[in-house]
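>>> attaching a predicted model along with its sequence, questions to come.
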Amino acid sequence: MSTSRLSSVLAAARAENRAALIGYLPAGYPSVQGGIDAIRAMIEGGVDIVEIGLPYSDPQMDGPVIQRAVESALASGTNTLDVLRTVEAVAQTGAPTLVMTYWNPIERYGVERFAKEFADAGGAGLITPDLIPEEAEPWLTASDAHGLDRVFLVAQSSTDERIALTTRTCRGFVYAASLMGVTGTRDAVNSEARHLVERTRAATTIPVCVGLGVSNAKQAAEVAGFADGVIVGSAFVRRLLEAPDAAAGTSAVRELAEQLAEGVRSGRS
């Protein structure tokens, strides 16, 4: 396959001697249009790559902050078509646009159907936290057919053999989960995150991006010192949840993105 937009942006960040900043927000919160506005604000603030969460009723990996936003999105009727609408609107900015999703909604929608419509909307690829490579054949086939990247997760509990298997299947980047547990902001970056990145890099040459727990510029700078990308989710969602209205939330998201972007740029200075 030719080099994807996602790979190009990660390579450009590396050429600038910095990590890429990857920001997550769920579709449909505080509304479909409000979510689009907030994600665009992240990009304006300095986010390089976007993860759009597909709201799901059984989010095993999501902590309480993201769950609150997702529950609100589901209660207001957000569905897969709304997610695709969000992808299309965000992809028009030029930022690589990923969807972070549990596998059941994709399977129910139709793997081939989703892959085609997602690619047509300008999507770059999927992050699938509960899908393992051995059970991913339908997605591997569909992603190949439509030129989509696929991001699987590795964790501290992963054996070297499991990391090697997973990274062989990834395309775009590998998601290194720095914590054993659910998403959420933390007071400090897990000290094992660096070791997990080192173990993963021993198995692959594709970028390794670290997620779970990063919430401020200092932590972003720390992770940027050893990872190819810094993934931030709950901290962005919290800004929306705590805002008095949608406009204030959008401004708060943009401000956080600016702070985090400064952090990733100082991590290797």
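That came through, no problem.

>>> tell me how far Gly211 lies from Gly122.
For Gly211, the distance to Gly122 equals 23 Å [Cβ to Cβ, to the nearest Å]. In short, each C-beta sits where N, CA and C put it, glycine included.

>>> now the helices for the chain?
Applying DSSP state H to the chain gives helices spanning 5-15, 32-45, 64-75, 80-91, 103-109, 111-120, 137-146, 160-169, 193-201, 217-224, 234-242, 246-266.

>>> identify each buried residue in the fifth one, please.
I take that to be helix 103-109. Buried positions in helix 103-109, judged by neighbour count with 16 or more other Cβ atoms under 10 Å: 103, 105-106, 109.

>>> who's in contact with that helix?
Under the criterion Cβ atoms under 8 Å, 6 or more residues apart in numbering, residues 54, 56, 58, 80, 114, 126, 128, 130-131, 138-139 lie in contact with helix 103-109.

>>> so for this structure, the centremost residue is which one?
When Cα atoms, centre = their mean is applied to the chain, the residue found nearest the centroid is Glu51 (3.7 Å).

>>> which of the buried residues of helix 103-109 sit farthest apart?
Trp103 and Tyr109 (10.7 Å; Cβ to Cβ).

>>> returning to that earlier point: can you put the helices of the chain in CSV and add mean pLDDT and distance to Ser178?
Shown next, in CSV, are the helices of the chain (pLDDT from 0 to 100; distance: least, Cβ to Cβ, whole Å):
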stretch, mean pLDDT, distance to Ser178
helix 5-15, 96, 18
helix 32-45, 98, 21
helix 64-75, 93, 16
helix 80-91, 98, 25
helix 103-109, 96, 22
helix 111-120, 98, 27
helix 137-146, 97, 25
helix 160-169, 96, 14
helix 193-201, 94, 4
helix 217-224, 94, 8
helix 234-242, 96, 13
helix 246-266, 96, 15
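
>>> how about these in JSON lines, adding distance to Phe152?
Listed next are those as JSON lines, based on distance: least, Cβ to Cβ, whole Å:
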{"stretch": "helix 5-15", "distance to Phe152": "14"}
{"stretch": "helix 32-45", "distance to Phe152": "23"}
{"stretch": "helix 64-75", "distance to Phe152": "20"}
{"stretch": "helix 80-91", "distance to Phe152": "20"}
{"stretch": "helix 103-109", "distance to Phe152": "11"}
{"stretch": "helix 111-120", "distance to Phe152": "16"}
{"stretch": "helix 137-146", "distance to Phe152": "10"}
{"stretch": "helix 160-169", "distance to Phe152": "5"}
{"stretch": "helix 193-201", "distance to Phe152": "11"}
{"stretch": "helix 217-224", "distance to Phe152": "19"}
{"stretch": "helix 234-242", "distance to Phe152": "21"}
{"stretch": "helix 246-266", "distance to Phe152": "23"}
